[in-house]
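Trainee: This is a predicted model, with the sequence first.
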Amino acid sequence: MTQNAKSNQDKSYGSDLNSTEYDFDDREFDSKQYEIPKIVRELHKCAYNVFYSKEVNTRFNALKSKHLCVKDEKHKEKMEETQSKLKEAVQSVMKKDESDDIFNTKEWKDCMKLLECCFTKGGKYEGCIHSCWHIIGADNITLKVKLKSDSLDKEFIQELHNCLSNLLLINGNLMKELSLNEKPQNEVELILMRFANKLKILIPQFPRNILNSELDYTITDCIDLFAHVRLFNLSQERQIKNLKDNPQNAAQKLDNKNKDGTVVDWRYIAFSNGTAVEEEQIIFLSSDARRDVVLFKKYPLKYSKIILQMKKLSISDSEMKQQLKSYPQHKMDFVDALTYLLFGTEVARNPGCILLHQMMLDLIESKQYTFEMFLDSGSMLMPMAMSGAVLQQGWHTQLFEKENHLIELWLKLKQKPEQFTEVIRGAISEWYGIS
């Protein structure tokens, strides 16, 4: 990360650097020094279930199909090129006079059908082909590459390995015909290695589809908002992967845009009431990290300035709480910006905010707490309001402790401190209509 990036992250914008994926893996944080509180674990699991609920998935898939799917002719072109590269990889380990026969078999057709699943709209392995040229480890053994055990990429690579094994089993003399210059673990590994090397050249020519910065997005309700957050995350993840797949293109983007090692995208989010929010999404090329900034009147919306702005607009805590809970029906630019910050930008950064920020509003509604108590630098009860909330040293310990404290305050308000799972599920149904 550049020095400028490091200094920028210390500014209390709505969101600092964040990754594009949400996968709450307890093992990442557990240690002898710190154990995540049970109710924090449960909250994040519940938030995950909301973020990937049937309701949100339906909206997200429709948005993805509309904005990020490749046209059919492009799919066909990619598929045929990829199938050709696999055929070349197989031919490279066989005698020329016997290679034609193997391509007329059912086993070869199975290999081709598997590759089709990477390019068919809605196919089981759609997009997985981009991971194939990363599957070769330093020891040239493909299956030893570290991949998430439950990842679709790993499943696809294993399936491809199985299809090639079946293909080669029909030729009993194959072992005698192989050119084992690289001395791989077996003949399938050799084919995969050569296939991956061919894809290193091919894949950058077929970049993943990403969102156009000029598009406007209309939010109709909270479910729609979460679906758009996932859409923006997916586009940014693809953008980062495209830049990594094609370093030359990354350098060109850097030359054309920013000299500080960043690529900037803009999102214009319109609420159904006619108002709109502008968000700046910055990718740091050196670290593949991202920083999102919500703008209000062209300036970053900082937590440190929210209370001042509320006083300037003469908005009481009660009115602000009501406005935030009623989006997108309200008609104030500042409320829209704060709504998107709390339930859009921060959810992209930490999807636990789907529930944590509703808890905050419940506590404010009780009149026992105020926005100032949550956002003021002195008390700062809101976990994500602290500078560098997901980046500073020891961030997870401080963040989870703050989340735990907020949950305990909310449970006390509900007068059911020992029944978190039951209470939070009821609240999710009330807040979002998701059971």
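Mentor: In hand now; what should we look at? In this text the structure is predicted, and so the values were computed from the model without any measurement. Numbers count the residues shown, from 1 in each chain.

Trainee: C-alpha from now on. contacts and neighbour counts both.
Mentor: Fine.

Trainee: by contact count, what packs against the helix of greatest length in the chain?
Mentor: For the chain, the helix with the greatest residue count under DSSP state H is helix 222-245. Identification of packing neighbours for helix 222-245 by 3 or more CA pairs under 8 Å, 6 or more residues apart in numbering; DSSP states H and E yields helix 54-67, helix 247-256, helix 346-349.

Trainee: residues in contact with the longest one?
Mentor: What that stands for is helix 54-67. Contact partners of helix 54-67, identified using CA atoms under 8 Å, 6 or more residues apart in numbering, comprise 50, 210-211, 223-224, 226-228, 230-231, 434.

Trainee: My guess is R230 contacts R349. True?
Mentor: No. Using CA atoms under 8 Å, R230 is not in contact with R349; the gap is 11.0 Å.

Trainee: so what are the domain limits for this protein?
Mentor: 3-69+212-432, 72-205 (automatic domain parsing).

Trainee: returning to that earlier point: what's the least confident stretch among the helices and strands packed on helix 222-245?
Mentor: Ranked on mean pLDDT, the bottom entry among the helices and strands packed on helix 222-245 is helix 247-256, at a mean of 55.

Trainee: what angle sits between the longest helix of the chain and helix 54-67?
Mentor: Using axes from the mean of the first three to the mean of the last three CA atoms, to 10 degrees, the inter-axis angle of helix 222-245 relative to helix 54-67 is 50 degrees.

Trainee: Residues contacting helix 222-245, please?
Mentor: Helix 222-245 is contacted by residues 20-21, 51, 55-57, 59-60, 63-64, 68, 200, 203-204, 207-211, 219, 249-250, 283, 285, 288, 327, 343-345, 347-348, 432 when judged by CA under 8 Å, 6+ apart.

Trainee: Same check on stretch 113-133?
Mentor: With CA under 8 Å, 6+ apart as the criterion, stretch 113-133 contacts 69, 75-76, 78-79, 82-83, 152-153, 156-157, 160, 195-200, 203.

Trainee: again, only this time at 6 Å
Mentor: Applying CA atoms under 6 Å, 6 or more residues apart in numbering, the external contacts of stretch 113-133 come out as 75, 153, 196, 199-200.

Trainee: Mind checking which of these land in helices?
Mentor: Per DSSP H, these map to helices at 75, 153, 196, 199-200.

Trainee: all strands for this protein, in order.
Mentor: 17-18, 216-219, 262-271, 276-284, 289-296, 299-300 (DSSP state E).

Trainee: coming back round to it: now tabulate the domains of the chain in a markdown table and tack on mean neighbour count.
Mentor: Below are the domains of the chain laid out as a markdown table (neighbours: other CA atoms under 10 Å):
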| stretch | mean neighbour count |
| --- | --- |
| domain 3-69+212-432 | 18 |
| domain 72-205 | 16 |
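
Trainee: Check these for me: which has the lowest mean pLDDT.
Mentor: domain 72-205 (a mean of 73).

Trainee: From V229, how far off is C222?
Mentor: 11 Å (CA to CA, to the nearest Å).

Trainee: that older thread, which members of the contacts of helix 54-67 are the farthest-apart pair?
Mentor: Comparing every pair within these by CA to CA identifies I210 and I434 as the most remote, at 29.4 Å.

Trainee: Between those two, tell me which one has more neighbours.
Mentor: A count of neighbours by other CA atoms under 10 Å puts I210 above the other of I210 and I434, at 20 against 17.

Trainee: Could you measure from the more buried one over to L202?
Mentor: Taking CA to CA, one finds I210 at 19 Å from L202.

Trainee: Same check on R41?
Mentor: Taken as CA to CA, the span from R41 to L202 is 42 Å.

Trainee: how about the helices in the stretch 301-435 of the chain?
Mentor: All helices of the stretch 301-435 of the chain, identified by DSSP state H, counting those that start in this stretch, fall at 303-312, 317-325, 333-340, 346-349, 353-365, 371-375, 395-414, 420-432.

Trainee: can I get the ones you listed in a markdown table with distance to G261?
Mentor: Shown next, in a markdown table, are the helices of the stretch 301-435 of the chain (distance: least, CA to CA, whole Å):
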| stretch | distance to G261 |
| --- | --- |
| helix 303-312 | 26 |
| helix 317-325 | 36 |
| helix 333-340 | 27 |
| helix 346-349 | 21 |
| helix 353-365 | 29 |
| helix 371-375 | 31 |
| helix 395-414 | 25 |
| helix 420-432 | 39 |
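
Trainee: Can you check which of the ones you listed gets nearest to V264?
Mentor: helix 346-349 (16.7 Å).

Trainee: what separates that closest one from the chain centre, distance-wise?
Mentor: Between the centre of helix 346-349 and the centre of its chain there are 10 Å (CA atoms, centre = their mean, to the nearest Å).

Trainee: that older thread, can you lay out the strands of the chain as a markdown table showing distance to K113?
Mentor: Listed next are these as a markdown table, based on distance: least, CA to CA, whole Å:
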| stretch | distance to K113 |
| --- | --- |
| strand 17-18 | 37 |
| strand 216-219 | 36 |
| strand 262-271 | 36 |
| strand 276-284 | 36 |
| strand 289-296 | 36 |
| strand 299-300 | 49 |
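
Trainee: What is the nearest of the contacts of stretch 113-133 to K367?
Mentor: D153 (49.4 Å).

Trainee: contacting residues around the closest one?
Mentor: C128.

Trainee: So it versus N233, what's the distance?
Mentor: For D153, the distance to N233 - CA to CA - is 18 Å.

Trainee: next one: V294
Mentor: On the measure of CA to CA, V294 and N233 end up 15 Å apart.

Trainee: Ok, N162 next?
Mentor: 32 Å.

Trainee: Same check on I240?
Mentor: In terms of CA to CA, I240 sits 11 Å off from N233.

Trainee: now swap in G261 and tell me
Mentor: The value you get for G261 to N233, if CA to CA is used, is 20 Å.

Trainee: One more: I219?
Mentor: 16 Å.

Trainee: Could you do T105 as well?
Mentor: 42 Å.

Trainee: do the same with Q419
Mentor: Counting by CA to CA, the gap from Q419 to N233 is 33 Å.

Trainee: got the contact list for I269?
Mentor: 216-218, 276-277 are the contacts of I269 under CA under 6 Å, 6+ apart.

Trainee: now the helices: where do they sit in the stretch 51-200 of the chain?
Mentor: Under DSSP H, counting those that start in this stretch, the stretch 51-200 of the chain gives helices at 54-67, 72-91, 96-102, 106-119, 152-169, 174-177, 187-202.

Trainee: Just the CA trace of the fifth one, in PDB.
Mentor: C-alpha atoms of helix 152-169 as PDB (Å, rounded to 0.1, in the frame of the first residue of the first chain):
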ATOM      1  CA  LEU A 152     -16.800 -24.100  -6.600                       C
ATOM      2  CA  ASP A 153     -13.500 -23.600  -8.300                       C
ATOM      3  CA  LYS A 154     -12.000 -26.600  -6.500                       C
ATOM      4  CA  GLU A 155     -15.000 -28.700  -7.300                       C
ATOM      5  CA  PHE A 156     -14.700 -27.800 -11.000                       C
ATOM      6  CA  ILE A 157     -10.900 -28.600 -11.100                       C
ATOM      7  CA  GLN A 158     -11.500 -31.900  -9.400                       C
ATOM      8  CA  GLU A 159     -14.300 -32.700 -11.900                       C
ATOM      9  CA  LEU A 160     -12.000 -31.800 -14.800                       C
ATOM     10  CA  HIS A 161      -9.300 -34.000 -13.300                       C
ATOM     11  CA  ASN A 162     -11.800 -36.900 -13.100                       C
ATOM     12  CA  CYS A 163     -13.000 -36.400 -16.700                       C
ATOM     13  CA  LEU A 164      -9.400 -36.400 -18.000                       C
ATOM     14  CA  SER A 165      -8.700 -39.600 -16.000                       C
ATOM     15  CA  ASN A 166     -11.600 -41.300 -17.500                       C
ATOM     16  CA  LEU A 167     -10.500 -40.200 -20.900                       C
ATOM     17  CA  LEU A 168      -7.000 -41.600 -20.500                       C
ATOM     18  CA  LEU A 169      -8.200 -44.800 -19.000                       C
END
